[in-house]
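Student: here is my input; please provide its structure:
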Amino acid sequence: MSSISPRALRVPETITVYTDGACHGNPGPGGWGVVLRFGEAEKQLYGGEKATTNNRMELMAAIVALESITAPHPIQLWTDSQYVRQGITSWISGWKRKGWKTASGDPVKNEDLWRRLDAAAAKFTVDWRWVKGHAGHEGNELADRLATRGAIEFGGSTGAAGAPKRGNRPRRGRARRSGSSGSGRW
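Tutor: As a prediction, this is how the structure comes out:
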């Protein structure tokens, strides 16, 4: 009688991701934040743009998160954006069928980012989860702080609390990494 090794029965570990976008003015300077957790390891990413919208920053957070992962693990992605969650789980199939048009025949807003998110998500099994924003959820709160930091450092925002402008970098979507720990591939 053959037996199956315990290793073969192991369920792959899930990478937990928290994403958020921030925009000070809509449009205005904005940022995105990402928290990636795998086992005991955590990686934090953030970036921003000078002139953008909140929805674009929410999309960028999810895109950067997925594009930064190379390991073939299941992903649980938490967002406080119904726009992102509904868009990727429900609306996108209809948009693609209709040539990137909405139900009313209008062009899909942020089509460039939706296409990029669709391509990034196709590489993984992603469980898209919604979390209420600003409700004390630790992962979401951290992603929110990173998004605000991105808006300040990359977008030139003074921030919600009037923080001084810092690091007005013109590059779009550039990632800053902080708090990386652990080893192995993401």
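Student: wait, a helix at residue 16?
Tutor: No - using DSSP: H, G, I helix; E, B strand; the rest coil, the secondary structure at residue 16 is strand, not a helix.
Student: my guess is it contacts residue 69, does it?
Tutor: No - Residue 16 sits out of contact with residue 69 when judged by CB atoms under 8 Å, with a separation of 11.3 Å. Yep, even glycine has a C-beta here, placed from its N, CA and C like the rest.
Student: what do the two both touch?
Tutor: Contact criterion CB atoms under 8 Å, 6 or more residues apart in numbering; residues shared by residue 16 and residue 69: 36, 75.
Student: now do the strands in the chain.
Tutor: Ranges of strands within the chain are 15-23, 28-38, 41-52, 75-79, 126-130, 176-178, based on DSSP state E.
Student: closest to residue 97 out of those?
Tutor: Nearest to residue 97 among the strands of the chain is strand 126-130; the distance by CB to CB comes to 19.8 Å.
Student: hmm, back to that, so which of the strands of the chain is the most surrounded?
Tutor: Of all the strands of the chain, strand 15-23 carries the top mean neighbour count, a mean of 28, counting by mean count of other CB atoms under 10 Å.
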